[in-house]
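# Sequence first, predicted model second:
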Amino acid sequence: MTDEDRAVVDLLAGEGEGPLWGTASDDLNATLLAWPPGAGTPEHVNDERDVLLVAVAGSGTLTIDGEGLPIAAGGAAMIAKGRSRRVEAGPDGIRYLTVHRRRGGLAIARRSG
């Protein structure tokens, strides 16, 4: 185990918007994102992986398949693969962590036919 594997990350440290921190193991990917008031992600779909979203600071709206759900620090949501999602920050901004099973690397395959 390396020192990096044992590191504890302060999810409330750092400034900026968008992805602030990320890590990956053989099994998992984790990304910390932050958005100022009114900003957020475009609507998108992850067709391959379920995603756990955990709000760590601030608040906002998590929209899943068109349904807006309030989310604030301490709140979590499991978003099933194939569902659309969008996060929009509330009046104090939002900071959240997403975690999902790691995707495999790209592979070159022969075309059939």
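Perfect, I can see it now. Numbering: from 1, shown residues only.
# Phi and psi next, for the residue positioned nearest the centre of the chain.
Note on the chain: the residue nearest the mean C-alpha position is residue 98, at 2.8 Å, using Cα atoms, centre = their mean. Dihedral pair for residue 98: phi -110, psi 140, per degrees, to the nearest 10.
# Next up, the contacts around it.
Residue 98 sits next to 30, 31, 33, 51, 52, 53, 54 when contact means Cβ atoms under 8 Å, 6 or more residues apart in numbering. C-beta: built from backbone N, CA, C; applies to glycine.
# State the next helix or strand along the chain beyond the lowest-mean-pLDDT helix or strand in the chain.
The weakest-scoring helix or strand in the chain, judged by mean pLDDT, DSSP states H and E, is helix 3-6 (a mean of 58). Counting by DSSP states H and E, the next helix or strand C-terminal to helix 3-6 is strand 18-24.
# Tabulate the CA atom coordinates of that next one in CSV.
The C-alpha coordinates for strand 18-24 follow below in CSV (Å, rounded to 0.1, in the frame of the first residue of the first chain):
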residue,chain,number,x,y,z
GLY,A,18,-16.4,21.7,-11.7
PRO,A,19,-14.2,18.7,-10.9
LEU,A,20,-12.0,19.5,-7.9
TRP,A,21,-10.6,16.1,-7.1
GLY,A,22,-10.7,12.6,-8.3
THR,A,23,-9.3,9.2,-7.6
ALA,A,24,-9.6,5.6,-8.9
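# Partner strands of that strand, with direction?
Using DSSP bridges, strand 18-24 pairs in its sheet with strand 28-35 (antiparallel).
# Tell me the buried residues in the strand it pairs with?
29, 30, 31, 32, 33, 34, 35 (16 or more other Cβ atoms under 10 Å).
# Stretch 85-95 too?
Applying 16+ other Cβ under 10 Å to stretch 85-95 flags 85, 86, 87, 88, 89, 90, 93, 94, 95 as buried.
# Might you report the residue contacts of the third one?
The neighbourhood of residue 87, defined by Cβ under 8 Å, 6+ apart, consists of 33, 35, 40, 41, 53, 60, 61, 62, 63, 71, 94, 96.
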